[in-house]
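[1] the sequence and its predicted three-dimensional model are supplied below.
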Amino acid sequence: MFLLALAGIVSGLLAASNFVIERLPDAKDIIEKLSPYQAMIGLVALILAALRLFSLFGGNSQVSILSYMMALGCVVATIVVGFLLSYPMINKFIAEQDETGNAKEKAEMLRKKLAPYQVTAGLVSMGTGVYLLLASIL
């Protein structure tokens, strides 16, 4: 849960960077340092969130409903943000593997559908990531 929380916070920060810089101008330096690694951070976040999605449905009854909902929100938002941030890497991989171009077209359609929600998903990813980080520490 700790790694997912960190991935959610960092990827959410990159996804909602314009919004964050408007509110916190001091964050611009951090975002500029992370920007060259945006695609790799997005890919790691996407993989961690996808793996955590499978474990959420494992039936752990010791978790409160609030923690479960926060984890689910973080997973979904981080998957969206991770896909959007890592799209250049995914697109390059698809282009190398797919001769027909169908997968590339579908990935582009999905990116276009998700793009308007990038800032919202980034903020949700950051917020739920902070909650999960604090919950895993405490």
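    Done, it's in.
[2] count of neighbours near L43?
    The local packing of L43 (other CB atoms under 10 Å) involves 20 other residues. C-beta here means a position set from N, CA and C on the backbone, and glycine is covered the same way.
[3] apart from its chain neighbours, what residue comes closest to it?
    If the residues on either side of it in the chain are set aside, L43 comes closest to S86, at 3.9 Å by CB to CB, 6 or more residues apart in numbering.
[4] which residues in this structure form helices?
    With DSSP state H as the criterion, the chain has helices at 2-15, 17-23, 28-34, 38-56, 65-85, 87-97, 102-114, 118-137.
[5] check which residues of the first one are buried.
    To tie it back to what came earlier, the one meant is helix 2-15. By neighbour count on 16 or more other CB atoms under 10 Å, the buried set for helix 2-15 is 4-15.
[6] which strands and helices sit next to it?
    helix 28-34, helix 38-56, helix 65-85, helix 118-137 (3 or more CB pairs under 8 Å, 6 or more residues apart in numbering; DSSP states H and E).
[7] so for A107, which of those sits nearest?
    Comparison of those against A107 by CB to CB identifies helix 65-85 as nearest, at 8.7 Å.
[8] pLDDT of the closest one, averaged?
    Throughout helix 65-85, pLDDT has a mean value of 91.
[9] by mean pLDDT, point me to the weakest helix or strand of the chain.
    Considering only helices and strands, the least confidently modelled element of the chain by mean pLDDT, DSSP states H and E is helix 87-97, at a mean of 82.
[10] packing partners of that helix?
    Taking 3+ CB pairs under 8 Å, 6+ apart as the contact definition, the neighbouring helices and strands of helix 87-97 are helix 38-56, helix 102-114.
[11] and among the helices of the chain, the most buried is which?
    The densest packing among the helices of the chain, expressed as mean neighbour count by mean count of other CB atoms under 10 Å, is seen in helix 2-15 with a mean of 24.
[12] need the buried residues of helix 2-15 in CSV (columns: pLDDT).
    Output for those, formatted as CSV (pLDDT from 0 to 100):
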residue, pLDDT
L4, 88
A5, 91
L6, 91
A7, 91
G8, 92
I9, 93
V10, 93
S11, 92
G12, 92
L13, 91
L14, 91
A15, 91
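[13] thank you, goodbye.
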